[in-house]
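**Q** sharing a sequence plus its predicted fold:
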Amino acid sequence: MHDQSNGNIEITQICLLAGKIMLASGAETYRVEDTMMRIADAYGYENSHSYVTPTGIIFAIDGAVSTTRLFRIATRSTDLQKVTLVNDISRAITRGELSPEEAYEKLKRVDNANLAYPVWLQIVAAAISSGCFAIMFRGTWPDFLPALIAGGIGFVSFIYVHRLIPIKFFAEFMAATIIGLTSYFCYQTGLGNELDKIIISAVMPLVPGLVITNAVRDLMAGHLVSGLSKGAEAFLTAFAIGAGIAFVMSIY
């Protein structure tokens, strides 16, 4: 009985680690729960239960001793490559290709890996996408450059303000304010023709598209708590962006 308990605890740790990586990397709630239960089932524990919210995971295996675990998710980001790697490991487990020890080591490597793109590349991508959005929103080609400049500066401010003050709402508000000021300056100096197109294009890298998508998918899957909480998070981000732009427009 003692050995079985230790085995259950080990499998619980594997499931929790997989769920933690996926949830912290932007995966949907139902996908996290499904992956954890599939891993437990692959190792011979068919009756497992998982309850996932955007800020925590609870996981238990029926009949096991002291295996109900709670894991707190403090920070969340978007890293779909880690989600893909965990999915690959989960599929290998279900095919019987990985022992518990091998699976846990692979998951630890994924968890510790820094797979994010360099900051300079993120800034360049945000700037170029802002310029491209200006054209996509039927702006004129003279609006491409000011949108590119405003989008790049706004994303830089978001990254570094968030490092100084780890409150996402404040960082988004400041980034939107700087985007509004930069866009207005470019418009006044004759670099752009349509101020509204420049501003809308420049704030697009800040828009929480993945959060909105996951909120809708969780609601459709019946995860009401997660869906509503992610929807509230997306609303706060949209409000911060709108408030920052409105603050600049109210000045000028």
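**A** Yep, that arrived.
**Q** use CA for all of it now, contacts and neighbours both
**A** Fine.
**Q** pLDDT below threshold where in the stretch 1-150 of the chain?
**A** The stretch 1-150 of the chain contains residues with pLDDT under 70 at 1-9, 63-67.
**Q** how about the strands of it, start to end?
**A** Listed in chain order, the strands of the stretch 1-150 of the chain (DSSP state E, counting those that start in this stretch) span 48-53, 56-61, 69-72.
**Q** figure out which of these is closest to Ile251.
**A** Nearest to Ile251, of all the strands of the stretch 1-150 of the chain, is strand 48-53, at 40.3 Å by CA to CA.
**Q** domains in the chain, as residue ranges please.
**A** Split into domains by automatic domain parsing, the chain comes to 2-112, 119-251.
**Q** among those domains, which is the most enclosed?
**A** Greatest average neighbour count among the domains of the chain goes to domain 119-251 (a mean of 20), per mean count of other CA atoms under 10 Å.
**Q** just the endpoints, please. Distance across that one?
**A** Here the two ends of domain 119-251 are set 32 Å apart, with distance taken as CA to CA, to the nearest Å.
**Q** is Ile57 in a bridge, and if so with what?
**A** Val52, Phe71 (DSSP bridges).
**Q** and the residue nearest the centre of the protein?
**A** Using CA atoms, centre = their mean, the residue of the chain that lies closest to the mean C-alpha position is Thr78, 3.1 Å off.
**Q** and that residue, backbone torsions?
**A** Backbone torsions of Thr78, given as degrees, to the nearest 10, read phi -120, psi 110.
**Q** run through the residues that contact it.
**A** Residues in contact with Thr78 (CA atoms under 8 Å, 6 or more residues apart in numbering) are 24-26.
**Q** ok, Tyr51 touching Arg69?
**A** No: contact criterion CA atoms under 8 Å: Tyr51 and Arg69 do not qualify, at 10.5 Å.
**Q** and for those two, which residues touch both?
**A** By CA under 8 Å, 6+ apart, the residues touching both Tyr51 and Arg69 are 57-59.
**Q** of those, which is the nearest to Phe155?
**A** Of those, the one sitting nearest to Phe155 (CA to CA) turns out to be Ile57, at 31.2 Å.
**Q** and the gap between Phe185 and Ile241?
**A** For Phe185 relative to Ile241 (CA to CA), the value is 18 Å.
**Q** and stretch 116-128, how far from the chain's centre?
**A** Distance, stretch centre to chain centre, for stretch 116-128: 16 Å (CA atoms, centre = their mean, to the nearest Å).
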